[in-house]
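[1] What follows is a predicted protein model with its sequence.
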Amino acid sequence: MCRYLTNKLSNEKGYTFIDGILQLSVFIIFAQIFALIMWSLYTTEKKVADPSEIEWALFIQYVEAYLNDVENFIVQSEQPGIRFYKQGIEYDVEYSSNVVRKQINKLGHEPLLLNVQTLNVIAEGQKITFFVTFFNGQQKEHTFYVTYST
């Protein structure tokens, strides 16, 4: 091996076609690996940084916090959503004007979820399932478990 390298270094023929092909093949391999890494980073970032996913997770967390120790709840028929009573206060989580909002004692307007096209709510026993369709076509659903105060 050493003899080959010394002959190569002492060779004054210059850059050969074989050297070029070897270097080009190494470059192509590294370029493909780099492209694959960049593509995987892009798809991971797209999944993690999607604002609708973050909004949906925050909505779930917020509503779950309110559905503990309720006195009673009903599914609203006039506006899609739910009405529940907790410590003598009436809460509404309902769909209105492309927004899922929360109201306390039918006052105020706190947006919980934006850009909503439709909202359907189904209650089965102590379970409430929200079916949401966004304007971008995404459909989400989540089932909440309601605990009652004693």
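    Sure thing, it's come through.
[2] which residues does the residue nearest to the spatial centre of the chain contact?
    The C-alpha lying nearest the average C-alpha coordinate of the chain belongs to residue 53 (C-alpha atoms, centre = their mean; 2.4 Å). Counting by C-beta atoms under 8 Å, 6 or more residues apart in numbering, residue 53 makes contact with residue 47. Every residue, glycine included, has its C-beta placed from N, CA and C.
[3] Could you rerun that using 10 Å?
    47, 138, 140 (C-beta atoms under 10 Å, 6 or more residues apart in numbering).
[4] Tell me the buried residues within these.
    Neighbour counting with 16 or more other C-beta atoms under 10 Å marks residue 140 as buried within those.
[5] returning to what we had before: can you pull the phi/psi pair for the residue nearest to the centre of the chain?
    The phi/psi pair for residue 53 (degrees, to the nearest 10) reads phi -70, psi -40.
[6] one step back: so which of the contacts of residue 53 is the closest to residue 62?
    Relative to residue 62, the closest of the contacts of residue 53 is residue 140; by C-beta to C-beta it sits at 14.4 Å.
[7] The closest one is in what secondary structure piece?
    Element membership for residue 140, per DSSP states H and E: strand 139-145.
[8] gap between stretch 70-77 and the chain center?
    28 Å (C-alpha atoms, centre = their mean, to the nearest Å).
[9] In that stretch, which residues are buried?
    70, 73.
[10] which residues of the chain fall in strands?
    Secondary structure of the chain (DSSP state E): strands located at 72-76, 81-86, 89-96, 99-104, 107-114, 116-124, 127-134, 139-145.
[11] And the longest one, what's buried?
    Neighbour-count burial for strand 116-124, with 16+ other C-beta under 10 Å as criterion, is recorded at 116, 119, 121.
[12] What average pLDDT does whichever helix in the chain runs longest get?
    In the chain, ranked by residue count with DSSP state H as the criterion, the top helix is helix 17-48. Helix 17-48 carries an average pLDDT of 91.
[13] now for that helix, which elements pack on it?
    Using 3 or more C-beta pairs under 10 Å, 6 or more residues apart in numbering; DSSP states H and E as the contact test, no helix or strand touches helix 17-48.
[14] for the chain, which spans come out with low pLDDT?
    Applying pLDDT under 70 to the chain flags residues 1-2, 4-14.
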